[in-house]
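In: Predicted model, plus sequence, below.
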Amino acid sequence: MTVEQTTTTPAPPALELAKVVKSFGAVVALRSGTITLEQGSIHALIGENGAGKSTLVKIIAGLYRRDAGTFRLRGEEVDFHSTAQSKAAGIAVIYQEPTLFPDLSVTENIFMGRQPTNRFGRIDRKAMRTEAEEIFARLGVSIDPDRITDGLSIADQQIIEIAKAISLDARVLIMDEPTAALSGVEVERLFAVARSLRDEGRALMFISHRFDEVFALCDTVTVMRDGSYIATEPIAETSVDELVRQMVGRDVAELFPKLPAEIGDDVLVVEGLTRPGVFHDISFTVRAGEIVGLAGLVGAGRSEVARAIFGVDPYSSGSVRVSGTALPKGNPNAAMTRGLALVPEDRRKQGLVLDESVSRNITLAIRSTLTKGGLLTDRAQNTAAAVWASRLEVKTAALDAETGTLSGGNQQKVVLGKWLATEPTVLIVDEPTRGIDVGTKSEVHRLLSVLAQQGIAILMISSELPEVLGMADRVLVMREGSLTGEFPRSEATPEAVMFAATADKEDAK
Amino acid sequence: MTATAPASVPDTRSARTYAAYSRPLWRRVLLTRESAIIGLLIVVIAVSLAVVPNFDSPLTVTYLLRDIAPILLIALPMTLIIITEEIDLSVASVVGLSSVMTGILTQAGWPFALAAITAILVGTIAGVVNGFLVTVVGLPSLAVTIGTLALFRGIAVGLLGTTAVTDFPEFWSDLAKDNIPGTPIPGIMIPFVVLAIAFAILLHFTPFGRSLYAIGLNKEAASFSGINVGRTKFWLFVMSGAISGFAGVYFTLLYSNARGDNATGLELQVIAAVLLGGVSIFGGRGALHGVIAGVLLIGVLGSALRLAGVTSDIINVITGVLLVLSVVSASLLAWLRRRRISAIGKKKERELAASSS
C-alpha cells in the first residue's frame, strides 16, 4: 500500500511526518499521522470529517505540538512552538476562509507586519507595490494591488494569501479546502497557480472533499481515517471507488443513490420572479417526486431565488405557488404553513442556532405544533427531536448538547431534521453537502432520493456538478440572475451545464 | 406525548436512542447562574437577619418591597428585551412621563382611574415609538432608547415644569401603600406576582419564548425558521412601555408625588439587576427566576447596609462590584462549560465511531 517510504530518493522530502500522535485530554485526535510531501509535487490529503486532517495541518502550522512521532523538514527534525516558527521555516497554510484586513490595500495585506523600509526607516510603498505586481504577474492573475481587500471574492483573497506565502518564499504550501467556496472558473485559476508553484519546485498539500479536483490537480494522494494514516498512492494508480473505500472503511455502494420515483403534479410553481439587480424573470416548476437541480456559478443568484421563494428575501414581481395556492411575499411563516421548507446555504449562520441544543434546533421550526394547551415543554421538544435525530442518525452524546459542538456533517443532519420535521411538500436544499464528508454525503443523497420517492418535490441547489448530475431528474442552470438552461436528466452533460452556466462570460472575454 | 413517526424517511437501520440530557437533574438545576444568585440572596438574607438590627422587622420588608416594586415590574419586560439582544434605556423616562400624565390629568379633574389608564396608554405609545424606530426604521435600540430617554424625560419635565402634583384621591394612594391584610407584604406584590407568572410562562413555556432565545443567539437563523424577528421585538418594546407606564402610576401614588424627574436613573438599576440575575447582555441567555432574585438581592443588600448605617456611596460601590463580579463569573462559567461539553462530545463521537467500525 505504501510507497515513498524509501530512503533512496536523492533530495530529502520537503516535509515528512511519521506516526505523529496528538491527543486532547482523553481524546485522541491523531493516532498516527504520516505524510511525505516531495518537492515539486502536489499531494492530496483526504479523509472524512474527524479523520484528523485538520489536526495534522495544525501541527504542521505550529498551532499544536505533537505528543509523539517525527516531523522533519528537508530532512531535519523540527519542533514548532508557534505559528511564527512554522512560517519562518517556510511553511504557509492557506485556509478556506482567508483572514485579511478588509480595510487595507492588497499590497499592504501581502506585506503585513514585515513591510520593506527605505533608508529613512519608512515604509517603502513603491518597493512593496512593485514586488506585489511581480508576484501577481508570476501567478498570472490580475488583481489591482492598490485596491482595498474589502469586497474581493474569496477566490481573490486566497490568491492574496498565496502571494503572501510566495513573498515569504514558502517552500511548503498547505491549502485547506481552498475550493469549497469557489466557482468553476475560479477553481481553474487556483489550479493554474498551484501548478506553477509546483513547477517552481515547491511542495503543495491540497485538502479537498471533491474527488474530481483531487484527480485533476494532484500527483499523489494520502488517505486518513479515524486519526490514522491509511494509504499513500500515486494518483494514476487509484480510483474514486478505491479512495472512497479507504476513507470510509467500507464499500459505499454509490455516491449518488438515485431511486426511481413516480413523478406527479406540479407542486412548486414559480412565475416571473424578479428582484432588480439580483435575479430576473425566473420561472420554473417542481413536480411531486421530482428532484430538480439548480446549477450555476457561485453568485449567479441561485440562493437569492431560493430565499425569495421561501420569503426570507423580498422580490419585486412574479409569483410563487405551492400546491395551487399563492404564497404571500416576504413571509417565511406562511411558506412553512403551506408546506415549504428551506435548508439554507450557510448552516452555521442561517440553518442553526449553534449555541442552542440539538433538541431545540430540531424543534425550532415546529415549536408551535408541539404545544399542549398553548404550553411548550422540554419534554415535548426532546421527544420530537429524538425521533428525527434517530431517523437521520445524528451522532451526539445527548439531545441537550450544544449544536456547535457537533461535526459539520452532523450539524447538517440537524438542519435536515429540523426541516423534515415540518413534513414539507416542497423541500429546497441549498448546497446540502457543502463541507461534509463522503459518508454523510451519500447518506444525505440517499435521504433526498427516498424523500422524492415519497412524493416530496425537491429543489436542490448545488455547486458540485457531479452531485447535480447524479441526483437531479431535471437540471436548471442560472447565470447572472437569469435562467439560461434546462436539461432533462438524459441530456444533462457536464459540458452542456457548464456552457449554460458560463457561456456569455466566456464570450465577453 | 409521542411524536408521530414520519412516514417519509427510511427506517431500515437500527434506530439510535438518545439521552435527553448530558447531566443529571441536580446538576442542571443547581449548577446554574440562577441558582447561584438565589443562593447568594439566601445567604445575604440569613446574614442580615443575624447581624443587622431591625432587619427582621415587618416594616423593613414592607419598605423594601414597596421601593423595589417598580424595578421588579420593569425587569420583567426588560429581561425579554435583553434576551433578544436589544435594550430599552427609556423605561425610567416613561415612568416619569406616565407619572406626570397621571398628575396633570388628576389635577384637571379627571377621575383617577381614567387618568391612570391614560397614563398607561401614553407609556404604551412610548413603547410603540421605540418599537417602530428599532424594528421598522431599523435603528439600533441602544441609540434609539438613549434618544427617547431624553425625549420622554423632556416631555415629562416640559409638561409639568418644576412643579409637582401631590394631591391624589385617598382611596387610590391608600391602595398603593396598603399591605395585603395580615401581612407585611405591600399590595403591589399581587399584580407583580401575576405579571411575573405570566412572563415566566411566556418566556419559558411558549413558542414565543423559544423564539426570543433564538433571536438573541442568531437573528438570521431565527428568521430562516419562520420567526418574524421585527414583529416580535416590536411587541416587546410595547410591553416594556405599558409596564413602565403602570410602574409610573404606582410610583406617583406611592409617594403622592407627580414630577417630571420621578424615577430618574431607574433604568440603570433595572438593567443592573437583570444582568446580575444571569441574563447575558449579548442575548440568548437568562431566566426570569434569576432576574427576580437579582432585583431582590440588590434590594436586600441595600436595605441591610442602610440599616447597618452604611452610606449610600458605599452601597453603590458594593452593588457595582457585585455586578462586575457576576458578569466576570458568567463568562468564566460559560467558558468552562463549553470546554467540558466539547470534550465530552468529542469523546462520545469517538466512542460511537469506534463501536460502529
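Out: The structure has been received and is ready for your questions.
In: phi, psi of the residue nearest to residue A:33 when sequence neighbours are not counted?
Out: Leaving aside its sequence neighbours, residue A:33 sits nearest to residue A:20 (CB to CB, 6 or more residues apart in numbering or on different chains; 3.8 Å). (Each C-beta comes from the backbone N, C-alpha and C, glycine too.) Dihedral angles of residue A:20 (phi, psi; degrees, to the nearest 10) stand at phi -80, psi 130.
In: looking at it, residue A:20 is touching residue A:28, isn't it?
Out: No. Between residue A:20 and residue A:28 there is no contact under CB atoms under 8 Å: 11.7 Å.
In: ok, what's across the strand from residue A:24?
Out: Bridge pairing for residue A:24 (DSSP bridges) gives the partners residue A:27.
In: Count residues in the vicinity of it, would you?
Out: Residues near residue A:24, counting by other CB atoms under 10 Å in any protein chain shown, number 15.
In: And the pLDDT for it?
Out: Residue A:24 is assigned 73 on the pLDDT scale.
In: for the chain, which spans come out with low pLDDT?
Out: If you meant another chain, say so; for now it's chain A. Low-confidence segments of chain A, defined by pLDDT under 70: A:1-10, A:25-27, A:49-50, A:181, A:250-255, A:503-509.
In: please go with chain B instead
Out: In the predicted model of chain B, residues B:1-15, B:337-338, B:340-357 satisfy pLDDT under 70.
In: Show me the residue sitting in the middle of it in space.
Out: In chain B, the residue lying closest to the centroid (CA atoms, centre = their mean) is residue B:75, at 2.4 Å.
In: Any figure for the gap between it and residue B:215?
Out: Separation of residue B:75 from residue B:215 (CB to CB, to the nearest Å): 19 Å.
In: which residues in the stretch 101-250 of chain B form helices?
Out: Applying DSSP state H, counting those that start in this stretch to the stretch 101-250 of chain B gives helices spanning B:112-131, B:141-160, B:170-177, B:189-204, B:207-217, B:219-224, B:229-254.
In: now those helices in a markdown table, with distance to chain A?
Out: Listed next are the helices of the stretch 101-250 of chain B as a markdown table, based on distance: least, CB to the nearest CB, whole Å:
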| stretch | distance to chain A |
| --- | --- |
| helix B:112-131 | 19 |
| helix B:141-160 | 20 |
| helix B:170-177 | 32 |
| helix B:189-204 | 7 |
| helix B:207-217 | 4 |
| helix B:219-224 | 5 |
| helix B:229-254 | 10 |
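In: would you turn those helices into CSV with mean neighbour count?
Out: Below are the helices of the stretch 101-250 of chain B laid out as CSV (neighbours: other CB atoms under 10 Å in any protein chain shown):
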stretch, mean neighbour count
helix B:112-131, 21
helix B:141-160, 19
helix B:170-177, 14
helix B:189-204, 16
helix B:207-217, 23
helix B:219-224, 22
helix B:229-254, 24
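In: quick one: which of these is nearest residue A:277?
Out: For those, the distance to residue A:277 is smallest for helix B:219-224, at 21.2 Å, taking CB to CB.
In: Who are the packing partners of the closest one?
Out: helix B:207-217, helix B:229-254 (3 or more CB pairs under 8 Å, 6 or more residues apart in numbering or on different chains; DSSP states H and E).
In: Show me the domain layout of chain A.
Out: Following automatic domain parsing, chain A resolves into domains at A:15-101+A:170-248, A:252-339+A:424-509, A:352-421.
In: Can you give me the neighbour number for residue A:467?
Out: Number of residues near residue A:467 (other CB under 10 Å) recorded here: 24.
In: In stretch A:106-123, which residues are buried?
Out: Buried residues in stretch A:106-123, counted by 16 or more other CB atoms under 10 Å in any protein chain shown: A:106-111.
In: I'd like to know which of the residues you listed is nearest to residue A:397.
Out: Nearest to residue A:397, judged by CB to CB, of the buried residues of stretch A:106-123 is residue A:109 at 41.1 Å.
In: Who are the contact partners of that closest one?
Out: A:100-101, A:149, A:160, A:164 (CB atoms under 8 Å, 6 or more residues apart in numbering or on different chains).
In: ok, now with 10 Å
Out: By CB atoms under 10 Å, 6 or more residues apart in numbering or on different chains, the contact list for residue A:109 reads A:98-103, A:132, A:145, A:148-149, A:152, A:157, A:160-161, A:163-164.
In: between the helices and strands packed on helix B:219-224, which one is nearest to residue A:317?
Out: Nearest of these (CB to CB): helix B:229-254, 23.2 Å.
In: Figure out how far that closest one is from the centre of its chain.
Out: Chain-centre distance of helix B:229-254: 11 Å, with CA atoms, centre = their mean, to the nearest Å.
In: how about the helices of the stretch 251-357 of chain B, start to end?
Out: Ranges of helices within the stretch 251-357 of chain B are B:266-276, B:288-307, B:312-356, based on DSSP H, counting those that start in this stretch.
In: Can you mark which positions in the shortest one are buried?
Out: This means helix B:266-276. Using 16+ other CB under 10 Å as the test for burial, helix B:266-276 gives B:266-267, B:269-276.
In: now the angle from that helix to helix B:229-254?
Out: Counting by axes from the mean of the first three to the mean of the last three CA atoms, to 10 degrees, helix B:266-276 lies at 120 degrees to helix B:229-254.
In: Output helix B:266-276 as PDB, nothing but the C-alphas.
Out: Included here for helix B:266-276 are C-alpha records, laid out as PDB according to Å, rounded to 0.1, in the frame of the first residue of the first chain:
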ATOM      1  CA  LEU B 266     -34.100  53.800  37.400                       C
ATOM      2  CA  GLU B 267     -33.200  52.200  34.000                       C
ATOM      3  CA  LEU B 268     -29.700  51.500  35.200                       C
ATOM      4  CA  GLN B 269     -30.900  49.800  38.300                       C
ATOM      5  CA  VAL B 270     -33.200  47.700  36.300                       C
ATOM      6  CA  ILE B 271     -30.600  46.700  33.800                       C
ATOM      7  CA  ALA B 272     -28.000  46.000  36.500                       C
ATOM      8  CA  ALA B 273     -30.400  43.700  38.300                       C
ATOM      9  CA  VAL B 274     -31.300  41.900  35.100                       C
ATOM     10  CA  LEU B 275     -27.700  41.300  34.300                       C
ATOM     11  CA  LEU B 276     -26.900  40.300  37.900                       C
END
